[in-house]
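Q: quick one: sequence and predicted model below, then my questions.
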Amino acid sequence: MKPLPNVSIVVSCWNSAHILEEALESIVATAGTFNVDVTVLDDASTDGGYSNIHAKYKDDPRFSFVRNEVNVGVAALNIMLERSQAKYIMTLDTDARLQPGALKALYEFMETHPEAGAATANLRNPDGSPQYYYRRIITPLLYFFTTPIGRFFDKYFFALHFYKQYHYSGLDVTKISELEQPVIAGLMLRRAAFDSYILDPDFRLFGIDIDLCKRLYDKGYKIYLVPEARVIHLKTASARKRGKLWLDRELNRSFALYFKKHHPYVNPFLKIAMFLDIISRMFLRFVVGREPMR
C-alpha cells in the first residue's frame, strides 16, 4: 500500500502561467526525498494556465493537474479536502519560491506543536530582506483605525499605537512567533482543523485569509511563524490584472461580508464607517494623489 504523503501542496494558478513553472521547480528542488504530492490548480485561466509547462512536471507522479471551467477564486483550494488524505496541506502561491529546508521545517514544527492549526513560512523579498506580510485578525476597532479618519486620530492622539499593533511593528522574524493572521502564500495547514471547507467560498480574494485564521482561533488552534522555513515571495499577484476599481470594490465587499459573519451586532455601525472610508479615500486620491495603506 502506497504511504500517505507527509504534505499535500496545492499551487493555484490564475493567469500567471509565466511564473508558474518557477514555483513548481522550487518544490522539486527542495522536496528531495520528502514525501509530497502536488496539485496544480488552474482556476479557469485565459493565458494557457499549466498547459505549456515542461513535460517533466506532467510526467512526475507527484504532480497532478486540475482545471476549473469557471473561475471561483481562491476558495478553489477547497478541492484539497477531497483530493488529499495527508495530515498537512500547504498552500503555495505561483509567485512564491520554496527555499532549501522550508518544507521540512514547517512539517517538523507542525508535528511537534499539536496546538498549531497552521504555520507560515518566513516570507522574504527577492533580495532576501524580510517581508512583513503579517497582521492581527481585524476587529471593528482595528478596522476603524485603518480608515483615513481613524488613521488621523491614531497618528495625532495615540502615536500610531493601533497601526503598529495591527501590523506587528517590531516583529522579530528570526524567532518563532505566534501570529494571528498570515497570508496563504506559504502556509501549512493541519487538515484535522477543517470540516467541510478550508476557505469560505463566499470570499473570492480579500478577507479569505482573515476568515481562515479567525476560524482556526475560534476552534482553539494557534498560528505560528517558523523562521527557518524561508519562502521568497515576489508579490506579483495576478489579481492586480483585474484593475484597481475591481480590487477596491472586492476589498470592501469582503470586509462587509467578514464583519457580517463574525461581528453581526456592530455591522450597522461598520457600514457607516465603510462608507466614510470609501468617500475619504476617494477624496485623498483626488486631492493629494494617494491614500493611506491599510
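A: It's in.
Q: and the lengthiest strand in the chain, how far out from the chain's middle?
A: Ranked by residue count under DSSP state E, the longest strand found in the chain is strand 222-233. Relative to the chain's own centre, strand 222-233 is displaced by 12 Å; criterion: C-alpha atoms, centre = their mean, to the nearest Å.
Q: for that strand, packing partners?
A: strand 96-98, helix 102-112, strand 116-124, strand 177-178, strand 181-182, strand 186-190, helix 208-218 (3 or more C-beta pairs under 8 Å, 6 or more residues apart in numbering; DSSP states H and E). Any C-beta I mention is one placed from the backbone N, CA and C, and that applies to glycine too.
Q: could you dump it to CSV, C-alpha only?
A: Provided in CSV are the C-alpha atoms of strand 222-233 (Å, rounded to 0.1, in the frame of the first residue of the first chain):
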residue,chain,number,x,y,z
LYS,A,222,-2.8,28.8,17.2
ILE,A,223,-0.8,30.0,14.2
TYR,A,224,2.9,30.4,14.2
LEU,A,225,5.8,31.9,12.1
VAL,A,226,8.6,29.4,11.5
PRO,A,227,11.8,31.4,10.8
GLU,A,228,13.8,28.6,9.3
ALA,A,229,11.1,28.0,6.6
ARG,A,230,12.1,30.7,4.2
VAL,A,231,10.0,31.4,1.1
ILE,A,232,10.8,34.1,-1.5
HIS,A,233,7.5,35.9,-2.3
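Q: what's around M274, how many residues?
A: The local packing of M274 (other C-beta atoms under 10 Å) involves 18 other residues.
Q: now do the buried residues in the helix or strand encompassing it.
A: Assigned by DSSP states H and E, M274 falls within helix 267-287. For helix 267-287, burial by neighbour count (16 or more other C-beta atoms under 10 Å) applies to 270, 273-274, 277, 280-281.
Q: and stretch 56-64, by the same measure?
A: Using 16+ other C-beta under 10 Å as the test for burial, stretch 56-64 gives 57, 63.
Q: list the contacts of it.
A: Here stretch 56-64 makes contact (C-beta atoms under 8 Å, 6 or more residues apart in numbering) with 21, 24, 28, 31, 36-40, 65, 83.
Q: quick check: mean pLDDT across it?
A: Averaging pLDDT along stretch 56-64 yields 93.
Q: export it as PDB, just CAs?
A: Extracted C-alpha coordinates of stretch 56-64, given in PDB (Å, rounded to 0.1, in the frame of the first residue of the first chain):
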ATOM      1  CA  LYS A  56       8.900  16.700 -16.700                       C
ATOM      2  CA  TYR A  57       6.300  18.000 -14.300                       C
ATOM      3  CA  LYS A  58       3.400  16.200 -16.100                       C
ATOM      4  CA  ASP A  59       5.500  13.000 -16.100                       C
ATOM      5  CA  ASP A  60       6.300  13.300 -12.400                       C
ATOM      6  CA  PRO A  61       3.900  11.100 -10.400                       C
ATOM      7  CA  ARG A  62       4.000  13.500  -7.500                       C
ATOM      8  CA  PHE A  63       2.200  16.100  -9.600                       C
ATOM      9  CA  SER A  64      -1.400  16.200 -10.700                       C
END
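Q: work out the gap between that stretch and the centre of the chain.
A: 25 Å.
Q: low pLDDT regions in the protein?
A: Where the chain drops to pLDDT under 70, the residues are 1-2, 236-243.
Q: next up, phi/psi of the residue nearest the centre of it, please.
A: In the chain, the centroid-proximal residue (C-alpha atoms, centre = their mean) is I184; its distance is 2.3 Å. Here the main-chain torsion angles of I184 (degrees, to the nearest 10) amount to phi -100, psi 20.
Q: contacts only, for it.
A: 74, 77, 91, 93, 199, 208-209, 212.
Q: pull out the buried members of the residues you listed.
A: 74, 77, 91, 93, 199, 208-209, 212.
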